[in-house]
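1. below are the sequence and a predicted model for it; my questions follow.
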Amino acid sequence: MTTTKRPNFLFFIADQLRADHLGCYGNRVVRTPHIDALAQAGFVADRFYVASPICMPNRASLMTGRMPSLHGVRHNGIPLPLRATTFVELLRAAGYRTGLVGKSHLQNMTGNPPVWPRDPADRLAREAVGDDGGRYDQEWKPHWRNRPDHELDLPFYGYETVRLTVDHGDDIEGHYRRWLRAQAPDCDRMIGPENAIPTPGLALFAARQAWRTRLPEALHPTQYCALMSEDFLAATAADDRPFFLMCSFAEPHHPFTPPGAYWDMYDPADMELPRSFRDAANRPPPHVAQLLAERDAGRAVKHTPQLFACTAEEAKEATALNYGSISFIDAAVGRVLARLTALGLAEDTVIVFTADHGDYMGDHQLLLKGPIHYRGLITAPFIWHDPRGATRRSAALAGTIDIAPTILGRAGVAPFNGVQGRSLDKLIAGTARAHHDDLVLEEEGQRAQTGFPGRVRMRSLVTERYRLSLYDGVSWGELYDLEADPDEMVNLWDDPASGTLRAELVLRLAHRMLALSDTSPYPTATA
């Protein structure tokens, strides 16, 4: 092994992948041999929490090592400022070749226009933070669909080269769609629910949450990510610079569209429901109770990206299709790793595997994601496979904001002022057993839902033993003893015997939020 070179980084990230939907995290059904092999020979974090269980805020936290309340991406649709410092930009400045393949989602991609600006005559038409003049339409799906010359400004948040995928399912734009049209000029007749292979009896198809795509495996966006990652690696073989490559899969994510053999690789009838599915009616908090009531009354809204209370049939279908997408990702990871080895790069490359956040997948009879911080949603896998060798697991509290300082530290690049995460180097090396005493999760919704009077705004505190969640505008909250109640079935918020504990945790949350206040820029010098 070469020890004098700075390490390369091959960074895999999946979207909406629960940690316990991998074999290396104890799942006995889904087949993920390549990811499991990385875990077996690497470091695994068993309690890895996201900064926010929403795509754009958490991805911006990954890139900056900062919480959403600081980098400004409070919820989907708010772009990460182009002036923000990212760890990828620091690597590029330090001489790294940087590349992104797949999903970025650092800018709005849906095509939905912002609420602002309103009528110029409206006194509230101006934002508190002015426009910096940057291009924030670079990931906008309609531009990629309608403008053949639409492109990114490079470097894009530090990435010198980008092969972009935009959106989810099989109807994906970006560089991928241009590649797809070159491979199959008739591709538009293969994608979307209107062109799907018939799936009679599929409950999720009726809800427009799943369809059997006609895209073959070789043309699917997941395969595209593997192919473009291989091309990037091949191009680096003759380059003296170290590299950082992010291979970012848009799966597993609703709508569920695993292609080819991965569609029916798993039988819904064989899927086990979570323990919390059977006991969901055991004193659920008000927002969960409302979702359950809407379903039972036949009023559940199931065709949008918002969470809903599902039936047992829907939970099993979603799990089976999700497993198919995960196994397809695993095969893609295996393909990229084989190319890394064949090119002689493996001995100098740190390999990371993680995910954006999780999904309820039937937990508490819920599906998709939303402002309810159950463990399956707010935890993600984190695997660090290092050629220096570090084979261990840790149950210490760690999270998304720790990724940036960990990579910078391993690369020998100094972090920037304002990074709120802490390097995981001591946990990885085995010289420390603890990391964070507690973690805060931030969530700000785009819309009113689940019975709240306005947009959902909440904060959660996770400690070694407890999870406390506070919601803006309501008098109730959530408090769970994760040691005695790992499925979070018994809400202790109104339990008289837990009153002192609740007060202590609320104070602890306040102190942690104060500690997470910004320290950048530095204050001016005093006379």
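-> On my side now, so go ahead.

2. okay, now the sheet partners of whatever helix or strand residue 246 lives in, with direction.
-> Assigned by DSSP states H and E, residue 246 belongs to strand 243-248. Partner strands and pairing direction for strand 243-248 (DSSP bridges) are strand 8-14 (parallel), strand 97-103 (parallel).

3. now do stretch 86-101: distance to the chain's middle.
-> Centroid separation between stretch 86-101 and its chain, computed with C-alpha atoms, centre = their mean, to the nearest Å, is 20 Å.

4. what mean pLDDT does that stretch have?
-> In this model, stretch 86-101 carries a mean pLDDT of 98.

5. what does it contact?
-> 6, 9, 63-65, 155-164, 225, 228-229, 232, 236, 239, 241-248, 403-405, 407-408, 411-413, 415-416 (C-beta atoms under 8 Å, 6 or more residues apart in numbering). The C-beta positions use only the backbone N, C-alpha and C, and glycine is treated the same way.

6. 6 Å instead, please
-> Outside stretch 86-101, the residues that touch it by C-beta atoms under 6 Å, 6 or more residues apart in numbering are 63-64, 157-163, 225, 228-229, 232, 239, 241-247, 404, 407-408, 413.

7. buried residues in that stretch?
-> Within stretch 86-101, the residues scored as buried using 16 or more other C-beta atoms under 10 Å are 86-92, 96-101.

8. helix or strand next in line after the strand ranked longest in the chain, which one?
-> Using DSSP state E to define each element, the chain has its longest strand at strand 438-448. Per DSSP H and E, strand 438-448 leads on to strand 455-463 as the next helix or strand towards the C-terminus.

9. can you give me the angle that following strand makes with strand 438-448?
-> 170 degrees (axes from the mean of the first three to the mean of the last three C-alpha atoms, to 10 degrees).

10. surely residue 492 touches residue 477?
-> No: counting by C-beta atoms under 6 Å, residue 492 does not reach residue 477; the two are 10.0 Å apart.

11. picking that back up, can you put the buried residues of stretch 86-101 in CSV and add distance to residue 458?
-> Shown next, in CSV, are the buried residues of stretch 86-101 (distance: C-beta to C-beta, whole Å):
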residue, distance to residue 458
86, 26
87, 27
88, 29
89, 31
90, 32
91, 33
92, 35
96, 37
97, 40
98, 34
99, 36
100, 31
101, 33
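
12. for residue 471, phi and psi?
-> For residue 471, the backbone dihedrals (degrees, to the nearest 10) come out as phi -120, psi 140.

13. how about residue 165?
-> Torsion angles, degrees, to the nearest 10, at residue 165: phi -120, psi 140.

14. shift numbering so it begins at 233
-> Sounds good: first residue 233 from here, last item residue 397.

15. contacts only, for it.
-> Contacts of residue 397 (C-beta under 6 Å, 6+ apart): 334, 335, 404, 406, 408, 453, 482.

16. repeat the analysis, applying 10 Å as the threshold.
-> Counting by C-beta atoms under 10 Å, 6 or more residues apart in numbering, residue 397 makes contact with 333-337, 341, 371, 376, 404-409, 411, 453-454, 456-457, 460, 480-482.

17. returning to that earlier point: in terms of secondary structure, what does the longest strand of the chain contact?
-> strand 275-281, helix 287-296, helix 300-303, helix 607-610, strand 624-631, strand 687-695, strand 698-703, helix 731-747 (3 or more C-beta pairs under 10 Å, 6 or more residues apart in numbering; DSSP states H and E).

18. and the angle from the second one to strand 670-680?
-> Relative orientation of helix 287-296 and strand 670-680, computed by the same axes, to 10 degrees: 140 degrees.

19. same check on the fifth one?
-> Angle between the axes of strand 624-631 and strand 670-680 is 50 degrees (criterion: the same axes, to 10 degrees).

20. got the buried residues for the next helix-or-strand element following strand 624-631?
-> Per DSSP H and E, strand 624-631 leads on to helix 635-643 as the next helix or strand towards the C-terminus. Neighbour counts over helix 635-643 (16+ other C-beta under 10 Å) mark 635, 636, 637, 638, 639, 640, 642, 643 as buried.

21. wait, the first one touches residue 243, no?
-> Spelled out, it's residue 635. Yes: using C-beta atoms under 10 Å, residue 635 is in contact with residue 243, at 8.6 Å.

22. could you tell me which residues touch both of these two?
-> Applying C-beta under 10 Å, 6+ apart, one finds that residue 635 and residue 243 are jointly contacted by 294, 584, 586.

23. and of those, the nearest to residue 428?
-> For these, the closest approach to residue 428 (C-beta to C-beta) belongs to residue 586, at 30.8 Å.

24. and the host helix or strand of that closest one, how far out from the chain's middle?
-> In this assignment (DSSP H and E), residue 586 forms part of strand 581-587. Centre-to-centre, strand 581-587 and its host chain are 14 Å apart (C-alpha atoms, centre = their mean).

25. stretch 329-342 now?
-> Using C-alpha atoms, centre = their mean, the offset of stretch 329-342 from its chain centre is 13 Å.

26. kindly check the end-to-end length of it for me.
-> 29 Å (C-alpha to C-alpha, to the nearest Å).

27. helix or strand for the closest residue to residue 607 other than its chain neighbours, just tell me which one.
-> Once flanking residues are discounted, residue 607 sits nearest to residue 720: 6.5 Å by C-beta to C-beta, 6 or more residues apart in numbering. Counting by DSSP H and E, there is no helix or strand that carries residue 720.

28. who are the contact partners of residue 720?
-> Residue 720 touches 508, 517, 595-596, 604-608, 699, 710-714, counting by C-beta under 10 Å, 6+ apart.

29. which ones among these map onto strands?
-> Using DSSP E, the contacts of residue 720 in strands are 699, 710, 711, 712, 713.

30. pull the most distant pair out of those.
-> Longest span within the ones in strands among the contacts of residue 720, C-beta to C-beta: 710 and 713, 11.5 Å.

31. show me where pLDDT drops low in this structure?
-> By pLDDT under 70, the low-scoring segments of the chain are 233-236, 345-362, 512-514, 758-759.
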